[in-house]
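Participant: Got a sequence here, can you build the structure:
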Amino acid sequence: MPLIRQGGWILAVALLGWLLYLLHPVLAPFLAGILLAYMGDPLVDRLEARRIPRTWAVVLVFALFGLLVLAALLVLIPMLGRQLVRLYELAPQMLDWLQLMALPWLQQQLGLAEDFWRFEQLKATFAGQLDGAGGIFARVLGQATASSLALLAWLGNLLLIPVVAFYLMRDWDLLMARLRALLPRSREASVVRLAGECHEVLGAFLRGQLLVMLALAVIYSTGLMLLGLELGLLIGVLAGLASVVPYMGFIVGLSAALAAALFQFGLAPLPLLGIGVVFMVGQMLEGMLLTPLLVGDRIGLHPVAVIFAILAGGQLFGFTGVLLALPVAAVIVVLLRHLHELYKLSDLYREPAAVVSDDPPGPA
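Facilitator: Reported below is the predicted structural model:
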């Protein structure tokens with residue numbers, strides 16, 4: 001009977017996973033709503049502790065989220081849009097600079113053949129990609145407006161996110177209590193303890209890591225713009241987002257900033273040195289202040305595991321998988337840690353007890 005019961009649980013979990021895989025194209029607004037409710041619940045609990053009714057606390061948290069989104073729409077997005085347009089305008093000049101200055105110098109230093117780069121072919125290909133990219137938004141908008149049903153479905157999913165988040169945030173504690181009441185009484189304590197560890201890890205990632213990314217984006221963008229780099233804001237935001245992977249933000253941001261500085265300032269040493277200082281300061285603040293203070297060592301993911309999780313999530317579930325890769329990987333690490341503890345307590349791991357012989361010892 002125990003074997004049959006365990007097989008039934010395994011089958012139920014497998015069926016649930018298969019069902020989620022089939023439904024994942026329509027799960028995006030619900031996942032986004034769950035994420036917003038999970039991140040906003042601690043704020044709602046703090047407001048509720050100050051004797052504010054929970055519904056009004058949820059309204060206040062939603063107002064705060066709305067102000068942040070509005071500020072991003074009114075301030076940050078137009079600035080990034082202008083920098084993207086500027087990047088599109090500078091792209092042909094950058095290609096000419098590579099062709100006339102950078103690559104010939106590198107070719108001379110390395111002793112390469114004259115037609116090694118085949119730059120005209122590369123330039124034509126890249127220019128074609130830029131021309132195609134410039135009309136992507138127009139094509140997508142045209143396809144969306146051509147089908148009223150598709151446009152209504154997209155708008156419906158977008159409007160569904162705050163609705164789902166509002167009701168989940170309002171009833172979050174009630175839902176958690178009902179889920180706890182469904183747990184087997186004999187397993188409740190261990191399941192609650194395991195869920196608490198997963199909650200700690202998820203909280204560390206969702207709140208801590210996102211704050212680290214935001215802080216690095218501000219540090220990099222501010223430093224690069226103070227140096228006079230035209231694309232400083234765009235590169236700084238890109239480096240902050242890429243910092244979700246350890247050292248990736250530093251590598252991507254420094255490489256892009258140095259390339260942009262070489263094009264804008266040439267070989268002037270002060271801008272190049274200033275860019276190196278900006279990213280070194282950002283890296284030092286991340287390692288010694290931001291990550292220990294905001295995240296700590298609670299996630300415990302190796303950098304290789306982080307890269308693999310992001311690639312695997314993108315391969316399996318696309319953009320949604322990329323967003324959920326690290327939280328899911330962090331929870332899997334917690335589960336594997338407990339499985340490791342159970343394995344070390346099992347008879348399979350422990351050495352067999354020494355066999356006691358009944359025969360008296362022989363003469364010395």
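Participant: my guess is Val164 contacts Ile34, does it?
Facilitator: Yes - applying CB atoms under 8 Å, one finds Val164 in contact with Ile34, separated by 7.4 Å. For the C-beta atoms, the positions are set from N, CA and C on the backbone; glycine is no exception.
Participant: and Leu227, how far is that from Trp172?
Facilitator: 45 Å (CB to CB, to the nearest Å).
Participant: Could I get the full set of helices for the stretch 251-364 of the chain?
Facilitator: 269-285, 303-345 (DSSP state H, counting those that start in this stretch).
Participant: would you list those helices in a markdown table and tack on mean pLDDT, distance to Cys198 and mean neighbour count?
Facilitator: Formatted as a markdown table, these follow (pLDDT from 0 to 100; distance: least, CB to CB, whole Å; neighbours: other CB atoms under 10 Å):
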| stretch | mean pLDDT | distance to Cys198 | mean neighbour count |
| --- | --- | --- | --- |
| helix 269-285 | 90 | 29 | 17 |
| helix 303-345 | 78 | 5 | 15 |
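Participant: and Ala204, which of those is closest to it?
Facilitator: Set against Ala204 and scored by CB to CB, the helices of the stretch 251-364 of the chain come closest in helix 303-345, at 7.9 Å.
Participant: Point out the other helices and strands that the closest one packs with.
Facilitator: Packing partners of helix 303-345 (3 or more CB pairs under 8 Å, 6 or more residues apart in numbering; DSSP states H and E): helix 28-49, helix 188-203.
Participant: Centre of the chain to that helix, how far?
Facilitator: Chain-centre distance of helix 303-345: 13 Å, with CA atoms, centre = their mean, to the nearest Å.
Participant: what angle sits between that helix and helix 188-203?
Facilitator: In terms of direction (axes from the mean of the first three to the mean of the last three CA atoms, to 10 degrees), helix 303-345 departs from helix 188-203 by 170 degrees.
Participant: Now do helix 303-345 against helix 28-49, angle only.
Facilitator: 70 degrees.
Participant: coming back round to it: out of the helices of the stretch 251-364 of the chain, which is closest to Glu197?
Facilitator: Here helix 303-345 is closest among the helices of the stretch 251-364 of the chain (CB to CB), at 5.0 Å.
Participant: tell me the domain ranges of the protein?
Facilitator: 25-182, 190-347 (automatic domain parsing).
Participant: could you give the mean pLDDT of the first one?
Facilitator: On average, the pLDDT along domain 25-182 is 75.
Participant: In JSON lines: the helices of the stretch 251-364 of the chain, plus distance to Gly253.
Facilitator: Shown next, in JSON lines, are these (distance: least, CB to CB, whole Å):
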{"stretch": "helix 269-285", "distance to Gly253": "6"}
{"stretch": "helix 303-345", "distance to Gly253": "17"}
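Participant: looking at those helices, which is closest to Leu179?
Facilitator: So among the helices of the stretch 251-364 of the chain, helix 303-345 is nearest, using CB to CB, at 15.8 Å.
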